[in-house]
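>>> Below are the sequence and a predicted model for it; my questions follow.
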Amino acid sequence: MALTFSCSILDDGAGWVLQKTTGSQRSMGRLYRLTEERLLYLGALHYAHEAPIWFGEDPSRNQMALLTRLDDGRLRLEFPAPLAESAFDILELAP
């Protein structure tokens, strides 16, 4: 099932930060370059009524994913082993 949410990627001076900014389940984390086309995402889940937290602040909320650039300019964020609710999550980011 495809749902649409807003997100942002910005440089906060310490590096690139990806933040999912809408929906009841949100996330925020840093992106680290692995190759020219792939980045590692280390982030943390938070809920709409909570302030964002960083990876490591609450291990039960940690998220790890691989961000890949697709040929059409979209980005795909793959979570191979989310801590809750599913066995594999995919978020696709489109401009």
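Sure thing, it's come through.
>>> which sections of the protein are below the confidence cut-off?
Applying pLDDT under 70 to the chain picks out residues 1, 84.
>>> mind listing the helices for it?
Read by DSSP state H, the chain holds no helices at all.
>>> And the strands in it?
For the chain, the strands defined by DSSP state E cover 7-11, 16-20, 25-33, 38-47, 62-69, 75-79, 89-93.
>>> Contacts for the fourth one next, please.
It stands for strand 38-47. 16, 18, 24-34, 52-58, 61-69, 77, 83-84 (CB atoms under 8 Å, 6 or more residues apart in numbering). Every residue, glycine included, has its C-beta placed from N, CA and C.
>>> Please pick the buried ones from those residues.
Buried by 16 or more other CB atoms under 10 Å: 16, 18, 26-31, 52-53, 55, 61-63, 65, 67, 77, out of those.
>>> and A51, what does it touch?
By CB under 8 Å, 6+ apart, no residues touch A51.
>>> tell me, how many neighbours does the closest residue to A87 other than its chain neighbours end up with?
Nearest non-adjacent residue to A87, counting by CB to CB, 6 or more residues apart in numbering: A81, 7.3 Å away. For A81, the neighbour count with other CB atoms under 10 Å is 10.
>>> got a list of what A81 touches?
Contact analysis of A81 by CB under 8 Å, 6+ apart lists 64, 87-88.
>>> same thing with T22?
5-6.
>>> Now do it against G15, distance only.
Distance, T22 to G15, by CB to CB, to the nearest Å: 23 Å.
>>> and what of L42?
The value you get for L42 to G15, if CB to CB is used, is 11 Å.
>>> What of L31?
7 Å.
>>> cool, R74 as well?
Distance check for R74 against G15: by CB to CB, it reads 22 Å.
>>> just S24 next, same as before
Per CB to CB, S24 is found 27 Å from G15.
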